[in-house]
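> Predicted structure and sequence below. I'll ask about it afterward.
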Amino acid sequence: GHDEREQTLNQLLVEMDGFSENEGVIVLAATNRPDVLDKALLRAGRFDRQIVVGAPDVKAREQILEVHSRKKKLAEDVDLKVIAKNTSGFAGADLENVLNEAALLAARRNLTEIGMKEIEDAMVKVTMGPEKKTRVRSEKENRLVSYHEAGHAVVSHYLETQDPVHQISIVPRGMAGGYTMYRPTEDKNFMSKTEMEENIVSLLGGRVAEALILNDISTGASNDIERATQIARSMVTKYGMSDRIGTLTLGSSQNEVFLGRDFAQSKEYSEETAAIIDEEVKKIVDKAYNEAKQILTEHIDKLHAVAGVLLEKEKIEADEFETEKGLVIFNSCSHGGIAHIVREVQNAFAGKKIYAVIGGFHMMKLSGLDTLGIPVDEVVKVARELKELGVEKVYTGHCTGMIAFGIMKRELGNMVHALNTGCRIEI
């Protein structure tokens, strides 16, 4: 044939015909697509010994890191075992790239050693791409991205099979306007049905947060929806996880490598079955959407709190999110009762930062705008108690509590943050 692949194949077969003796020559070859190799190449006497080199496990990653860090000066806080555990799924080239990027970051920061911070930043850069800090966005877009990413993070926290959050950011990286990164706790070779379903729930958390908080949706969730649909379709057609379809594989599993591959794939099922597949895929995605909506509705205060921190700081690290996702929500501020609750929480969670979230209805009470109104002195008392008890921040709700918010702001200063940016009052 005249195809370049065929010419290469023919030349290889000629050189390996077996008639001439080349006992001192060993031919090695590598490919990441063994499924498209011609069988003539793989018969006995040719490439008959095959060694599968998969993604390195945690021990192999540590050894690879040791090799690539030999000529680099590492700080005392760098632990290659920790890095190996945090880089599940990374190939050898990815690990080399991480250390090289970390060295460049250390040089830009005028450091003489590569620290753990540089390696952590390099891991994010390799995974998500470089930050685009110069991109200018409106306050409306920043609010949209903040709630979108907070939605992913909060939903994932309440799903048992999902990995813990590593970093949340609204700073654009690569093609993403913001991102929520997760840190795998272990190397995984298989995925259960529950894990795949909860993965879809997590992917839809951003879109659900947009719809719940902003009463609108955006194009920012397009990649999330694409991935969620792909997982759901694989569950139905590839892994036999649909009760209606049963344990069948529908469609060819051979991925075509040529242009026009969609036209080349063979269809092995009827139009009726195709309609059932579409129904099952939609059923899985709709169920996941409703589950994400239920989680965010039940934990709406945590969504507001995390989004509020993102709007202020643009980025939340893993340890900070551990605090944010464990927020203690105080929905009752009447007659100083909040102080008693704070003390109980401090005793139960020693060393944890405490954040108070006061809903708009209760701020209205503190403003004296209803029959259960509380005097201004009571608001001052509550504010000072929060400060004395070492509460990290106070998040307040809607504009109905503007008077109380003003008093809180005067007493606590920058400790007070409005969940709705339209309610900010400077006193």
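Nice, thanks for sending it over. Since the model is a prediction, treat every value here as computed from it, not as a measurement.
> Let me see the ranges of the strands in the chain.
165-169, 179-182, 315-317, 355-358, 393-396, 416-418 (DSSP state E).
> any idea which of the ones you listed scores lowest on pLDDT?
Looking at the strands of the chain, the lowest mean pLDDT belongs to strand 355-358 (a mean of 59).
> Look through every helix and strand of this structure and give the one with the lowest mean pLDDT.
Using mean pLDDT, DSSP states H and E, helix 360-366 stands out as the lowest-scoring helix or strand of the chain, at a mean of 46.
> which residue packs closest to residue 216, ignoring adjacent ones?
With C-beta to C-beta, 6 or more residues apart in numbering as the criterion, residue 216 has its nearest non-adjacent residue at 6.7 Å, and that residue is residue 210. Bear in mind the C-beta positions are built from the backbone N, C-alpha and C, glycine included.
> Local confidence estimate at that neighbour?
The model reports residue 210 with a pLDDT of 93.
> dump the residue contacts of it.
Counting by C-beta atoms under 8 Å, 6 or more residues apart in numbering, residue 210 touches 144, 147, 148, 151, 216, 217, 218, 220, 221.
> same thing but 10 Å
With contacts defined as C-beta atoms under 10 Å, 6 or more residues apart in numbering, the neighbours of residue 210 are 144, 145, 147, 148, 151, 216, 217, 218, 220, 221.
> So which bits of the lengthiest helix in the chain are buried?
Scanning the chain for the longest helix, with DSSP state H as the assignment, gives helix 271-298. Across helix 271-298, burial judged by 16 or more other C-beta atoms under 10 Å covers 273, 276-277, 280-281, 284-285, 288-289, 291-293, 295-296.
> So what's the residue count around the closest residue to residue 121 other than its chain neighbours?
Nearest non-adjacent residue to residue 121, counting by C-beta to C-beta, 6+ apart: residue 105, 5.7 Å away. Around residue 105 there are 19 other residues, counting by other C-beta atoms under 10 Å.
> ok, residue 105 touching residue 118?
Yes: using C-beta atoms under 10 Å, residue 105 makes contact with residue 118 at a distance of 4.4 Å.
> Could you pull out the residues contacting both of these two?
Jointly contacting residue 105 and residue 118 under the rule C-beta under 10 Å, 6+ apart are residue 111.
> give the contact list for the residue nearest to residue 188 when sequence neighbours are not counted.
Of all residues not flanking residue 188 in the chain, residue 88 sits nearest, at 7.6 Å (C-beta to C-beta, 6+ apart). Counting by C-beta under 10 Å, 6+ apart, residue 88 makes contact with 55, 56, 57, 58, 61, 163, 183, 184, 185, 186, 187, 188.
> Scan the residues you listed and report the most crowded one.
Ranking the contacts of residue 88 using other C-beta under 10 Å puts residue 61 first, with 26 neighbours.
> where exactly do the helices run in the stretch 1-150 of the chain?
4-15, 39-42, 58-68, 80-86, 92-108, 116-128, 139-157 (DSSP state H, counting those that start in this stretch).
> Tell me which of those helices sits most buried.
Sort the helices of the stretch 1-150 of the chain by mean neighbour count, taking mean count of other C-beta atoms under 10 Å, and helix 139-157 sits at the top with a mean of 24.
> CA atoms only: put that helix into PDB for me.
C-alpha atoms of helix 139-157 as PDB (Å, rounded to 0.1, in the frame of the first residue of the first chain):
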ATOM      1  CA  GLU A 139     -17.500  41.600  39.600                       C
ATOM      2  CA  LYS A 140     -20.500  39.800  38.100                       C
ATOM      3  CA  GLU A 141     -18.200  37.200  36.400                       C
ATOM      4  CA  ASN A 142     -16.100  36.800  39.600                       C
ATOM      5  CA  ARG A 143     -19.300  36.100  41.600                       C
ATOM      6  CA  LEU A 144     -20.500  33.600  39.000                       C
ATOM      7  CA  VAL A 145     -17.100  31.700  39.100                       C
ATOM      8  CA  SER A 146     -16.900  31.900  42.900                       C
ATOM      9  CA  TYR A 147     -20.300  30.200  43.400                       C
ATOM     10  CA  HIS A 148     -19.600  27.700  40.500                       C
ATOM     11  CA  GLU A 149     -16.400  26.500  42.100                       C
ATOM     12  CA  ALA A 150     -17.800  26.600  45.600                       C
ATOM     13  CA  GLY A 151     -20.600  24.400  44.400                       C
ATOM     14  CA  HIS A 152     -18.200  21.800  43.200                       C
ATOM     15  CA  ALA A 153     -16.300  21.900  46.500                       C
ATOM     16  CA  VAL A 154     -19.200  21.700  48.800                       C
ATOM     17  CA  VAL A 155     -21.000  19.000  46.900                       C
ATOM     18  CA  SER A 156     -17.900  16.900  46.800                       C
ATOM     19  CA  HIS A 157     -17.400  17.200  50.500                       C
END
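> Give me the distance between that helix and the centre of its chain.
With C-alpha atoms, centre = their mean, to the nearest Å as the basis, helix 139-157 stands 11 Å off its chain's centre.
> Same check on stretch 194-208?
That offset, for stretch 194-208, works out to 11 Å (C-alpha atoms, centre = their mean).
> Ok, stretch 10-19 next?
Using C-alpha atoms, centre = their mean, the distance from the centre of stretch 10-19 to the centre of the chain it belongs to is 50 Å.
> Contacts for that stretch next, please.
Under the criterion C-beta under 10 Å, 6+ apart, residues 1, 22, 25, 27, 29, 38, 40-41, 43-47 lie in contact with stretch 10-19.
> Wait, residue 74 touches residue 113, no?
Yes: Residue 74 lies in contact with residue 113 (C-beta under 10 Å); the separation is 6.4 Å.
> Any stretches of the stretch 201-350 of the chain with poor pLDDT?
Residue ranges of the stretch 201-350 of the chain with pLDDT under 70: 252-267, 319-320, 322-350.
> quick one: residue 164 and residue 183 touch, right?
Yes: if you go by C-beta under 10 Å, residue 164 and residue 183 touch, sitting 5.6 Å apart.
> Now the common contact residues for these two.
Jointly contacting residue 164 and residue 183 under the rule C-beta under 10 Å, 6+ apart are residue 318.
> Relative to residue 206, how far out is the residue nearest to residue 207 when sequence neighbours are not counted?
Distance criterion C-beta to C-beta, 6+ apart; nearest residue to residue 207, sequence neighbours excluded, is residue 221 at 4.0 Å. Distance, residue 221 to residue 206, by C-beta to C-beta, to the nearest Å: 5 Å.
> For those two, list the residues in contact with both.
With C-beta under 10 Å, 6+ apart, residue 221 and residue 206 have common neighbours 148, 151, 152.
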